[in-house]
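A.B. asks: I'd like to go over a predicted model; first the sequence, then the structure.
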Amino acid sequence: MENLMFLAPEIAVAATGLIILLIGVFMSPRTKNVLGYLATLGVLAALVLTVRSFGTEATMFSGTVSIDALSQFFKLVFLTVSLIVSLASIKYTENSDHTEEFYTLVLFATLGMMVVASSNDFILLFCAFELASFATYALAGFEKQNPGSLEGAMKYFMIGAVSSALMLFGISFVYGATGTTSIPMIAENISLLAESPIGIVAVVLLIAGFGFKMALVPFHMWAPDAYQGSPSVVSSLLSAGSKKMGFVAAFRVFILALAALQPDWQFAFTILAVVTMTFGNVVAVSQTSVKRMLAYSSLAQAGYIAMAFAVMTPMALTGGIFYTLAHAFMKGGAFIAAAAVVWMITTQRTGDLQVPDHLDNFRGLGKRMPLAALCMTVFVFALAGIPLTSGFMAKVVLFSSAVQAGMTWLAVIAILNSALSLFYYARLVRYMYFLPPEGKKIGLPFPYAAALLLATAGVLVMGLWPEPFLQWAMEAAKVLI
Amino acid sequence: MVKTALKEFAFLIPLLPALAFVITFFFGRKMSSGGAIVPILAIAASFVISLVITLRLLANPGEVISQSYSWFAVLNIGVLIDPLAAVMLSMVSFVSLLIHIYAVSYMAGDPGEARYFAETALFTAAMLSLVLSDNILQLFVSWELVGLCSYLLIGFWFERPSAAAAAKKAFLTTRVGDVMFLTGIIILTSDLLKLAGGFQDGTYLLRFDEIFSYIPQLSALHSNIFGFEVSHLTIITLLFFGGAIGKSGQFPLHVWLPDAMEGPTTVSALIHAATMVTAGVYLVARTFPMFIAAPDSLMVIAYLGGFTALFAGTMGIVMNDLKRVLAYSTISQLGYMMLGLGLGSAIGLEAVGISLFHLINHAFFKALLFLCAGSVIHAVGTQDMRELGGVRKVMPITAATMTIAALALAGFGIPGTSIGTSGFFSKDAIIEAAYLFGEHSNNWIPYAFSIAAALLTSIYIFRLIFMTFTGKPRSNYHGHESPAIMTIPLSILAIFALVFGGLTKTGFMDFLKETFANSFVNLNIGSLAALGRNQILEAAGHESLFVQWLPMIVAIAGLAVAFIIYYLRIIKLGPLASMKNPVYRLLYKRYYQHEIYTEFFSLGIVYGIIAFLSQVLDVIIDSIVEGIGILTVGVSEELRKVQTGVIQTYATAVILGVSLLIILVKLITEVL
Amino acid sequence: MIPLIFYLGLAALLFSIGLYGVMTHKNGIRMIMCIELMLNSANLNLVAFSSYTDTLNGQVFAIFSIALAAAEAAVGFAILMAIYRMHDKINLDELNILRW
Amino acid sequence: MRINRLLSFLVVLLFTAIVMVGAFGTSWNTVSELPQNPADQSNIEGIGMLIFTHYVAPFEVLSIVLLASLIGAIYLAKGEGNR
């Protein structure tokens, strides 16, 4: 009999999802607000269970599930994002008839991500990957009266389906060459794959599959559309959560299973990292929709994290893993702030209603919603890598590792990129504080405020006192090396 | 007992203003005059603590305060107060205190008063934390925070488009320097990690004493760049200096500083004259052992500093805006400080002394100049010197204090004695050091720069004085003397500008020499200099009388030129002149011709060309900065079209990406 | 015995046909059908490898992936239906309000 | 439009060529003879055993996948609130 206590966080999330689904059916729309709090509590419980399980190690279910520092760290990332999102969604789903569907899907998506983090077998990895994908496809199109939301969902779905087919195709070659789907076993039987031309094909097919989730150029094309079209809370989940799922899957598959092919994928990731960060930052400059701008900035951030694969030293992996958590707070929070503005614009009916997240709608936000504007400022400064924020710490560790590994040119490109990124982040801050408001001051609803404060706290704590987080990231990196 | 207590409280120096920031930020609006009293009290307390610490250090220079707390991994946060930090701390907190008091009246009635005091309090906290940080990372963090506050304060009146634009420009330009600084830190960190053999418990890698102890090994690391063997130390120090260029407004990143005058005048005085812009100088001084051990770095600094001093001087002469003249003057004086540091290749540690001495003196008289200008602007309502004139009659105290400041800036004093304004002692020290340097290395360019800049300094500052305070009003303004809360800080600063230099001249230098020669760092400058292939002179003898007098002579010459052009011509116009008088109008037109005529010929065609070239250069740098922005936006506009919005394109991109990636990786891994 | 490479060649061909369909068709339903084709060609690979390496994992994987493909199609068609309700058409190349 | 098709065709051709080259250029480890058990031609039992023992975790996850896509599909396909 397996000790299911190791899976307590997953079970908590799944059970909360099922309970919400079950009791939601019997509730009237007015009382359904409770469901949001219930989901938040469930995620919080899972978060506590995860943090308490730090340090335990186990493999379960005939070696298909592996509980280790890496999986625990990423569970922490996913649960944090899920916590922020479900907290903010309390307002978003207010008075909706479909609260239970929304929360069940959010929780199932989180579950999928968590299982990916601890899966040690391609079959489990693929199933969990798809679980997170399907749940988020539906979430992206959750506003089914909104053409933008549906269009984003459609594009997300189509490219996602193509990518998962590519990934499956790649997995089939890995399986064919090694005769197994288990990650440790693949590492043992890698010799044929490493010597044959099919090896590089399989590697790039897998990169395409994971790169879709990570939104690396050129597998990113769905991302700006889906992030812009989806409800902002879902964009937050996509950008801060499911993107990291791609990273943890890639960490496990490439570093643990395909270590023998390191030159191939290391080089591929180097190209992708450089192209992605440059493309993301350059295109973000000319965006007028804030969510779209954040989407492109999210591309750029994925490019920075992908540097971990390109550099591949323990320090780089630590930096990359640390960055995922840092990015979860700052990008998750930034989308929630955008959600708050969209809410304000649609309820106040002032400003550009066609594109509710237009930059012009952020004019004078510092006066209209001081808390949201302040938090947004913290987030964008963190994204730009201003000191005292988590983004700065993450960048310092990651970029130093590149210099230390002798890839100074990569660090220089990354630093130039982050300098460029300030261009559009500062513009957003200028709109919020230096331009006159077009409307009166309104109060920020409690759920948004709570989610924003949570994310801000995360950004600042990680910036001011990064020691424990770096320790955890280092533990997680040790699993890989 | 008192000793231990004081050490314990050193960390309060930046913390108190930070606390004041929090209080003013949240409650300032509900308090009278924007809650100004909170930061004033906090900074006063910081000042008292710093002053006491400085005095104790003065008595016993070895007793450096050093406290470090683990931050994460091999990094730490901490406090380091040695003589260098102590004088900076006292100066920053003192000037900041005076300016806060002055601002109570200056900012009275402004709707953003509370925001103003909150931001300046935060700025002071960040600046103090910058000065007393004991490791390079904390210094960088404060550095960025200082930059952020500067951005907010330049754009304080953000309703004005010009202020918003200036804030943006300042932010972007200094950012270039910051990126270089950060790159330097990253390279330094990775080198140190390599040398120290990875992470080690108990040592704080980026603390200054750790860094300095690795200097010999660092200088042994070389990289090949474009065929030249360059020491890593040179790369790192030049990148640090890159940061200093941005922050201290050195050529060619000086373009933001004149525009920064869009902020309130108190901000210009506090940030863009006395404190923040000197952070770059402080950075170089703080890491001076690295600089002296790095071949060529100090030479670059000397040339760039000297050139900036001269270049900004030429710009100062042609400006008509009161504050802009002062802005260029600041750039020029910062150039002097950098030059002073750069001369360290010949005079060793004394360079830190003379440079910091000038920094402190400059802080007093430049803050004074700005506050006087602010006083004039506040009372008269214009800052265009062509519309001023005769202000002396309505604002006698301001006129007197400003003249004192001008004398200090131009460096008036009697060589060979201890009579003189404070600017005299420090600037002459730098010019004499430049002379020594010339004699030593047969390279007279820095000396030529410094002498020419001294002449220009004298011309532009007395032009300002004569155009503003003497003669007849050239427009209808209603002036009045400022209230006591403004004039008292002016008078205090004026006293300092007059006597500080003379009183502390010798003591100051000796005190600062202790910085790198005490038990905390314990460095042998001679051997470090040898690493950088710099030869340090033995104690220099007395220079000839002519060398001692030359700076004074050019200063007087400058005064004379300004007097002839801008004072005597007013007398010619006569007391009957008025705008209603047609004769005067004719004369007024003639005056313009006259002005062009005299300016052109008395200053000479050479000057005209230099000034023209300077302005052209300025425009070119400006347009490069703008151009990069425009280019980025253009490329961005084109690239975003890739995103056609059609799913089929997206799928094609994915497949094409996969195919190309396979081919590319295959090719490269085969070839390599 | 048929050589393994025949299966692989067939799978690669089927996969490419599916890809070509996704890249050229405008009709959403056809695109989803093409994606099914791609998934099934991967399944073919898995089953072939399973036989030729004498391990059953591949066939288990194929069964899982068939179930996943069904679920994927369900979600895809549901999104298409919602789009059809709104626009009265399922030509996806005309859906481009989100771009640039 | 025709250009697009041509382009797509070329891209797919490139992709096919690469995969083919990869597949053909590899000497796959294969069993020399397909295992034949004359008594029991079916391997259903083996697959069943694997699914319910070794791969029980993916099986559980799959059940949630089906539930999730069910919820998502029903929600999206329901016609209420149609204009």
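C.D. replies: That came through, no problem. Numbering: from 1, shown residues only, chains lettered A, B, ... in the order given.

A.B. asks: quick check: residue A:155 touching residue A:227?
C.D. replies: No - counting by Cβ atoms under 8 Å, residue A:155 stays clear of residue A:227, with 10.7 Å between them. All C-beta spots, glycine's among them, are computed from the backbone N, C-alpha and C.

A.B. asks: more neighbours: which of these two?
C.D. replies: residue A:227 (31 against 27; other Cβ atoms under 10 Å in any protein chain shown).

A.B. asks: show me what from chain C comes close to chain B.
C.D. replies: Residues of chain C found near chain B (Cβ under 8 Å from any Cβ of the partner chain) are C:19, C:22-26, C:31, C:92-93, C:95-100.

A.B. asks: between those, identify the one with the most neighbours.
C.D. replies: When neighbours are counted by other Cβ under 10 Å, residue C:22 leads the residues of chain C next to chain B with 30 neighbours.

A.B. asks: tell me the pLDDT of that residue.
C.D. replies: You'll see residue C:22 listed with a pLDDT of 90.

A.B. asks: for it, give its distance to residue B:554.
C.D. replies: According to Cβ to Cβ, to the nearest Å, residue C:22 and residue B:554 sit 79 Å apart.

A.B. asks: tell me the one of the residues of chain C next to chain B nearest residue A:369?
C.D. replies: residue C:98 (25.9 Å; Cβ to Cβ).

A.B. asks: that's a helix at that closest one, yeah?
C.D. replies: No - counting by DSSP: H, G, I helix; E, B strand; the rest coil, residue C:98 falls outside a helix, being coil.

A.B. asks: shouldn't residue A:364 be in contact with residue A:436?
C.D. replies: Yes - using Cβ under 8 Å, residue A:364 makes contact with residue A:436 at a distance of 5.2 Å.

A.B. asks: when those two are compared, which one has more neighbours?
C.D. replies: With neighbours defined as other Cβ under 10 Å, residue A:364 and residue A:436 compare such that residue A:364 has more, 18 against 9.

A.B. asks: spit out the contact partners of that one.
C.D. replies: Applying Cβ atoms under 8 Å, 6 or more residues apart in numbering or on different chains to residue A:364 gives the contacts A:432, A:433, A:435, A:436, A:437, A:438.

A.B. asks: can I get the helix or strand where residue B:438 lies in PDB, CA atoms only?
C.D. replies: Residue B:438 belongs to helix B:422-441 when assigned by DSSP states H and E. Below are the C-alpha coordinates for helix B:422-441, written out as PDB (Å, rounded to 0.1, in the frame of the first residue of the first chain):
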ATOM      1  CA  SER B 422      36.400  77.100   0.300                       C
ATOM      2  CA  GLY B 423      36.300  76.600  -3.500                       C
ATOM      3  CA  PHE B 424      39.700  78.100  -3.700                       C
ATOM      4  CA  PHE B 425      41.400  75.500  -1.600                       C
ATOM      5  CA  SER B 426      39.900  72.500  -3.200                       C
ATOM      6  CA  LYS B 427      39.900  73.600  -6.800                       C
ATOM      7  CA  ASP B 428      43.500  74.800  -6.500                       C
ATOM      8  CA  ALA B 429      44.500  71.500  -5.000                       C
ATOM      9  CA  ILE B 430      43.100  69.800  -8.100                       C
ATOM     10  CA  ILE B 431      44.700  72.200 -10.500                       C
ATOM     11  CA  GLU B 432      48.000  71.900  -8.800                       C
ATOM     12  CA  ALA B 433      47.800  68.100  -8.800                       C
ATOM     13  CA  ALA B 434      47.100  68.300 -12.500                       C
ATOM     14  CA  TYR B 435      50.300  70.400 -12.800                       C
ATOM     15  CA  LEU B 436      52.200  67.800 -10.800                       C
ATOM     16  CA  PHE B 437      50.800  65.200 -13.100                       C
ATOM     17  CA  GLY B 438      51.900  67.100 -16.100                       C
ATOM     18  CA  GLU B 439      55.400  67.500 -14.700                       C
ATOM     19  CA  HIS B 440      55.500  63.900 -13.800                       C
ATOM     20  CA  SER B 441      54.300  62.300 -17.000                       C
END
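
A.B. asks: elements contacting it?
C.D. replies: helix B:322-342, helix B:344-347, helix B:350-380, helix B:396-410, strand B:413-414, helix B:445-469, helix B:484-513, helix B:545-562 (3 or more Cβ pairs under 8 Å, 6 or more residues apart in numbering or on different chains; DSSP states H and E).

A.B. asks: nearest to chain A, out of those?
C.D. replies: Ranking the helices and strands packed on helix B:422-441 by their distance to chain A (criterion: Cβ to the nearest Cβ) puts helix B:322-342 first, at 21.3 Å.

A.B. asks: now the closest one against helix B:422-441, angle please.
C.D. replies: Put simply, helix B:322-342 runs at 40 degrees to helix B:422-441, going by axes from the mean of the first three to the mean of the last three Cα atoms, to 10 degrees.

A.B. asks: what ranges in chain D fall below the confidence cut-off?
C.D. replies: Within chain D, the stretches with pLDDT under 70 are D:1-3, D:34-41, D:80-83.

A.B. asks: which ones are touching the residue of the stretch 201-350 of chain B found nearest chain C?
C.D. replies: Here the stretch 201-350 of chain B gets closest to chain C at one residue, residue B:256, 32.7 Å apart by Cβ to the nearest Cβ. Residues counted as contacts of residue B:256 (Cβ under 8 Å, 6+ apart) are B:166, B:169, B:170, B:173, B:174, B:249.
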